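1. got a sequence here, can you model it:
(chains A, B and C)
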Amino acid sequence: MSAPPKTSDDKMTGGNVTALPSAERREELRVLEAVLFAAREPLSTAQLAAFLEGGDDAEALLLELQAHYAGRGVHLRRIGDKWAFRTAEDLSWLLQQHRKETRKLSQAALETLAIIAYHQPVTRAEIEAIRGVAVSKGTLDTLLQTRWVKMRGRKRVPGRPMTYGTTDTFLDHFALTSLADLPGARELKEAGLLDQHLPPDFKLPDPARAKDHDLDPLDDDDIVT
Amino acid sequence: MSAPPKTSDDKMTGGNVTALPSAERREELRVLEAVLFAAREPLSTAQLAAFLEGGDDAEALLLELQAHYAGRGVHLRRIGDKWAFRTAEDLSWLLQQHRKETRKLSQAALETLAIIAYHQPVTRAEIEAIRGVAVSKGTLDTLLQTRWVKMRGRKRVPGRPMTYGTTDTFLDHFALTSLADLPGARELKEAGLLDQHLPPDFKLPDPARAKDHDLDPLDDDDIVT
Amino acid sequence: MSSSPSMSSSTEEFEQRQLLQLSKSRTAATEADIMQVELDGYAGPLDLLLDLARNQKVDLTKISILALAEQYLAYIRKARDLKLDLAADYLVMAAWLAYLKSRLLLPEPEPDPEAEPTAEELARHLAHRLRRLEAMREAAKALWDRPQLGRDIFPRGMPEPVNIRKDVTYDADLYDLLRAYADRRNREAVQKVTIRKRPVWSIKQARQRLEELLDLSLSWAPLDHFIILFATEPEQRRSATASSFAATLEMAREGWLELRQSKAFAPLYVKKKANGKKNET
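-> This next block holds a predicted model:
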């Protein structure tokens, strides 16, 4: 960096004195910074707003704080509607001593996790249709135990099967801001590979059984949470 | 704040381009920031220096980082020869949440309080004799917590039992000018609270006359805060 | 081999394992919760199909389903030649692919919207399923390669927890206080009445006494007489009568005394049997 750095303040004010962050706004930023720094678990925008006295927009303040930390050793990450400070991912090599024994997932569990993440809310039968094999109870149990997967309510179809989805803990673990950030999510969607609404013969390559598997497409309305 | 703010970057560089933190120096600051953030205990300058690649002076970098956080919600604090991020002192209130809760006294506590009020100074055994049932430690603790009841000294009898009495806070809460304002037997009968047909030997003590002269004053050991 | 009787009850898993000896080594789905090097093999027929499709070394969108069906059927044939037990779902897939193959080879009839999907459509759908499975496999890998909390990125090492301090204030008013006091004093002031514990005769006690007394009496005697002998206090009599009656029934059932009564509510007579045996024999 050879030129004098433009600071975020410069950018925000654009030379306009009236647009300067007020002392109050700076104080609000300090408060958010302190609370988020102290916490280990992500905090929701609403939880954070409760610490603010003024009517300032917590969301806007958080985005400002996030921008401030963008190039730093610690980042302010957005996790769903929650926020948390986390070390920058490129510095992972520094922190190997803190590395915890990572949970190892079987190939089946990992594949099931991916299917749940990309296709949620998804029933067990739908997972099985994609993988082409039965999902063992142990696999779903394992995923529920990790707290990365949760039950998302029953689908309003005969038999009212349970659907599964991912949690904020999942987003936090994989450093995802939202499900839209899942690797390749957009490409997969465009290729029609995340479409649940498939012709009946998609479900099983067994012509005799094909018609039993006519599933209604999933709407959000189907999910009773 | 009416003047355009001097940013920390301005302060650091002092307008001198040669004094700008180099990319390497910035990277070293990021490293220290991340390591200190993830650390589970304060780290010494030497420990932190081990994370730095260049020959840069860890101490100087840490002081720079400290200056950077000086006005922020989180401070880099020097603790002996070690370093740790801590919430800014003036924001420590953020980590203290007070939750107000009003509870009603239990019937047992209410009865015990009344007996203490009328019969003070009174020992636990005496309260039990009047109540006809045991007084739990929890009940006495609760009453001490209300600050309506205090210990009044030990009775000069074998075992030197503790006696209890009421406080000024008690008088205040129940809008009594003095203990003499507590209604006597006649008034209680008039109010229909005491039975009209009580045995002739029935007595109501006069708490206003209660004296501490036959009590040993409280020792330091007796004071439970 | 797998046809031996001891193996005939083999599970589907076992059958898969048999099939999989044919296939190259790879990890597969497992019931186990943790990753482990699993039995070599495929996680079902779709997995096998996907592996075969990859061997065509073309983009899955350009896969030849006809060629794939033939490869799969050849694979299954080979497995059967080796007399391997095949899991049912592999065979179902084989049957379906044979059907699809025959339809792909036959000239298509005129398109009829009422009819079942054309062979082309079925083939496209199968290709789609394979692409979807592969996409999910790749997504799983990409997901796992992301920075992970506790592996690549870390939370604050020394979080400073929020202390929630509860300030409890208690509430009570003077009326509650006086009411509580007066009620207690009223109750305590009323002269204390202690209700004496009424002695209760258990059946066992009654029986013990009856046995002692009956040993001394050789002829018929009213039960009441015995009761008066041991239940001396009038207030005990009711309990003693009930217990003694139950005890005599028990003793009669055991065959060591006789009972006699002329009519309802008439005195009950008891007599020890001449050869009556005691309870404990």
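
2. do you know how far residue C:151 is from chain A?
-> According to Cβ to the nearest Cβ, to the nearest Å, residue C:151 and chain A sit 5 Å apart. Where C-beta positions appear, they are placed from N, C-alpha and C, glycine not excepted.

3. regarding that residue, what is its secondary structure?
-> Following DSSP: H, G, I helix; E, B strand; the rest coil, we place residue C:151 in the coil state.

4. ok, it touching residue A:100?
-> Yes - the pair residue C:151 and residue A:100 passes the contact test of Cβ atoms under 8 Å, sitting 7.2 Å apart.

5. helices or strands next to the longest helix along chain A in the packing?
-> Looking across chain A with DSSP state H, the single longest helix is helix A:23-38. When contacts are defined as 3 or more Cβ pairs under 8 Å, 6 or more residues apart in numbering or on different chains; DSSP states H and E, helix A:23-38 sits against helix A:45-49, helix A:58-69, strand A:82-87, strand B:74-79, strand B:82-87.

6. for chain C, find the nearest of the ones you listed.
-> strand A:82-87 (4.6 Å; Cβ to the nearest Cβ).

7. export the helix or strand that that closest one is followed by as PDB, just CAs?
-> The helix or strand immediately downstream of strand A:82-87 is helix A:107-119, counting by DSSP states H and E. Extracted in PDB, the C-alpha atoms of helix A:107-119 (Å, rounded to 0.1, in the frame of the first residue of the first chain):
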ATOM      1  CA  GLN A 107     -19.600 -40.800   3.400                       C
ATOM      2  CA  ALA A 108     -23.200 -41.600   3.800                       C
ATOM      3  CA  ALA A 109     -23.700 -39.000   6.600                       C
ATOM      4  CA  LEU A 110     -21.900 -36.400   4.600                       C
ATOM      5  CA  GLU A 111     -23.900 -37.000   1.500                       C
ATOM      6  CA  THR A 112     -27.100 -37.000   3.500                       C
ATOM      7  CA  LEU A 113     -26.000 -33.700   5.100                       C
ATOM      8  CA  ALA A 114     -25.400 -32.200   1.700                       C
ATOM      9  CA  ILE A 115     -28.700 -33.400   0.400                       C
ATOM     10  CA  ILE A 116     -30.500 -31.900   3.400                       C
ATOM     11  CA  ALA A 117     -28.600 -28.600   3.100                       C
ATOM     12  CA  TYR A 118     -29.400 -28.200  -0.600                       C
ATOM     13  CA  HIS A 119     -32.900 -29.700  -0.800                       C
END
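
8. rewinding a little: which one of the helices and strands packed on helix A:23-38 is the most hemmed in?
-> Ranked by mean neighbour count, the helices and strands packed on helix A:23-38 are led by strand A:82-87 with a mean of 23 (mean count of other Cβ atoms under 10 Å in any protein chain shown).

9. mind checking which of residue C:151 and residue A:100 has more residues around it?
-> Taking neighbours as other Cβ atoms under 10 Å in any protein chain shown, residue C:151 and residue A:100 compare with residue C:151 leading, 18 against 10.

10. in the chain, where is pLDDT below threshold?
-> No chain specified, so I'll use chain A. Chain A contains residues with pLDDT under 70 at A:1-21, A:54-56, A:102, A:196-225.

11. ah, no, chain C please
-> Scanning chain C for pLDDT under 70 picks out C:1-41, C:83-86, C:110-115, C:164, C:190-198, C:274-281.

12. stretch A:169-176 close to chain C?
-> Yes - counting by Cβ under 8 Å from any Cβ of the partner chain, chain C has neighbours in stretch A:169-176: A:172-176.
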